[in-house]
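K.L.:
Prediction below, plus the sequence it came from.
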Amino acid sequence: MITGAPVNILDFGADPTGVADSATAIQAALTASRHVVIPIGTYRVESTLTVPAKTRLEFQGGTNILEPPPAVFFKAHNEVGIVLGSHCVITGGGIYSNKAVYPTGNGVNVLGGQNIIQDFCIFNVGGDGIRLGAVSAYVNTNTCQLTRLKIDNCGGNGIHVHDAYGSDSNAHTITSCVVIACGANGILLNRTFWATVINCNVEICTGYGLYLSGETVVNDPDCRYANILGGDYNEGNTAGVIFDNSYFPFIQIADPFNKPVNARSGAGSVLQFLGGNVNELYNLNVSSDLTTAAIFTQNLTNITLATGVATTIKSISSSGKGAYLVTAYLNTYGDDSCASAIIVYSGTGSIFVSANNSAFLVISGSGTNIQLTQTKAASVTGVYTFLKLGLA
């Protein structure tokens, strides 16, 4: 063979009928070349396949989102199906299992940076469909791309981004993926920064369509700065649509049926107002659509909060119906002292609150007032900004 040329796993003894174990043959091909071709067929693998760095895994025959691909691995064991190093590419094909017989093991674990997986299918594995991030040892897993994946009927999450050993599974892009009937959440962003999810579709999963995880350790939060652009997470997922417990997300889904729930979704709700009708999003009893007028800011400075005591920082009864963005920052504590919330006033005495609460501040609404509560440390001085969003 020419050194560095593409290799075909059939030349190493892989069985395309799915009867014999092909794991040893496939692993030998992966060792021999950085470009490995998988011809049409079903290949039974009884142990984990490890893809070395800078390797391209090319499944022939393409893929069909409505049925298993023509070239596919059958994971006949309870461990991970495929482990990727760094700078790998997988195109076409897929991996599947029988979770009734093999109830554990993720389909794919990505344990390296700058990987690309596209037009790939993962079916019926016992664990997560695909996991990005450290599992049992620290690794740097950043800037990976998942494009046009179909993940169906897996026992765990469809797509799970989580660095179990720090905050170094970051800046991933998940685009045009479909997740169906998984046993947990469709897409779970756990300990990760700057992840971007674009136009994905999640259907009939046991958990949420999209779950943005919250803080587990003070000053070492899970999901921060997520960017969610479009997509449909409201397709019969048992727990709900989008659960936002993250920090400073950016959510642009102009659809009242796909808005986030939970008290920490305020920071991500801002773009919803720019993309749709506030009255539909929050059931206001008014008929005004969005305009570019009537936007103003008001700085509220040098207000000292007592720990655990709600302090009114603004009465909105005289400001009229509409939506207000409130942010607060305590000078002493840095990023974890910044909180934000969307307060929507219908003019009937009701306030709908969607807040992004930090470890130190809570923003809430009571009657016609916006309130801040400091939850930790001694009373300190902070700076607070009050912004009325653009409503007629």
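P.N.:
Great, that's in hand.

K.L.:
Contacts only, for Glu58.
P.N.:
Residues near Glu58 by CB atoms under 8 Å, 6 or more residues apart in numbering: Pro6, His35, Val36, Val37, Ile38, Thr91, Gly92. Where C-beta positions appear, they are placed from N, C-alpha and C, glycine not excepted.

K.L.:
one more time with 6 Å
P.N.:
In this structure, Glu58 makes contact with Val37, Thr91, judged by CB atoms under 6 Å, 6 or more residues apart in numbering.

K.L.:
Asp15 now?
P.N.:
Counting by CB under 6 Å, 6+ apart, Asp15 makes contact with Ser22.

K.L.:
cool, Thr141 as well?
P.N.:
By CB under 6 Å, 6+ apart, the neighbours of Thr141 are Val110, Gly113, Leu132, Gly133, Ser169.

K.L.:
tally of neighbours for Val309?
P.N.:
For Val309, the count of nearby residues is 11 (other CB atoms under 10 Å).

K.L.:
Chain neighbours aside, what residue packs nearest to it?
P.N.:
Thr373 (6.8 Å; CB to CB, 6 or more residues apart in numbering).

K.L.:
Please apply the same query to Arg34.
P.N.:
Nearest non-adjacent residue to Arg34 (CB to CB, 6+ apart): Thr55, at 4.8 Å.

K.L.:
What separation is there between the one you found and His87?
P.N.:
For Thr55, the distance to His87 (CB to CB, to the nearest Å) stands at 8 Å.

K.L.:
Of those two, which one has the most company?
P.N.:
It is Thr55, of Thr55 and His87, that has more neighbours when counted by other CB under 10 Å, with 22 against 16.

K.L.:
what's around the residue nearest to Val309, how many residues?
P.N.:
Thr373: 18 neighbours (other CB under 10 Å).

K.L.:
which secondary structure elements does the strand or helix carrying it contact?
P.N.:
In the assignment (DSSP states H and E), Thr373 maps to strand 369-374. Where contact means 3 or more CB pairs under 6 Å, 6 or more residues apart in numbering; DSSP states H and E, strand 369-374 is packed against strand 310-315, strand 361-366.

K.L.:
If we use 10 Å, what do you get?
P.N.:
strand 296-304, strand 310-315, strand 322-330, strand 338-345, strand 351-356, strand 361-366, strand 381-388 (3 or more CB pairs under 10 Å, 6 or more residues apart in numbering; DSSP states H and E).

K.L.:
Going by mean pLDDT, which of these comes out lowest?
P.N.:
Ranked by mean pLDDT, the helices and strands packed on strand 369-374 bottom out at strand 296-304, which scores a mean of 58.

K.L.:
Point out where the stretch 101-250 of the chain drops to low pLDDT.
P.N.:
Applying pLDDT under 70 to the stretch 101-250 of the chain flags residues 215-221.

K.L.:
Show the contacting residues for Gly41.
P.N.:
Shown in contact with Gly41 (CB atoms under 10 Å, 6 or more residues apart in numbering): 9-10, 14-18, 22, 60-61, 70-73.

K.L.:
Actually, Ser176.
P.N.:
Gln118, Leu146, Thr147, Arg148, Leu149, Ile198, Asn199, Cys200, Asn201, Gly230, Gly231.

K.L.:
Restricted to strands, list these.
P.N.:
Gln118, Leu146, Thr147, Ile198, Asn201 (DSSP state E).

K.L.:
Which of these has the largest number of neighbours?
P.N.:
Neighbour max across those (other CB under 10 Å) = Leu146, 26 neighbours.

K.L.:
I'd like the distance between Cys177 and His77.
P.N.:
From Cys177 over to His77 (counting by CB to CB), the distance is 25 Å.

K.L.:
Likewise for Phe193?
P.N.:
Distance from Phe193 to His77, counting by CB to CB: 33 Å.

K.L.:
okay, the two: which has more neighbours?
P.N.:
Neighbours per residue, other CB under 10 Å: of Phe193 and His77, the larger number sits with Phe193, 21 against 18.

K.L.:
is the more buried one in a bridge, and if so with what?
P.N.:
Arg224 (DSSP bridges).

K.L.:
need the contact list for it.
P.N.:
142, 163, 167-172, 221-226, 247-248 are the contacts of Phe193 under CB under 10 Å, 6+ apart.

K.L.:
Since that was my last question, I'll sign off now.
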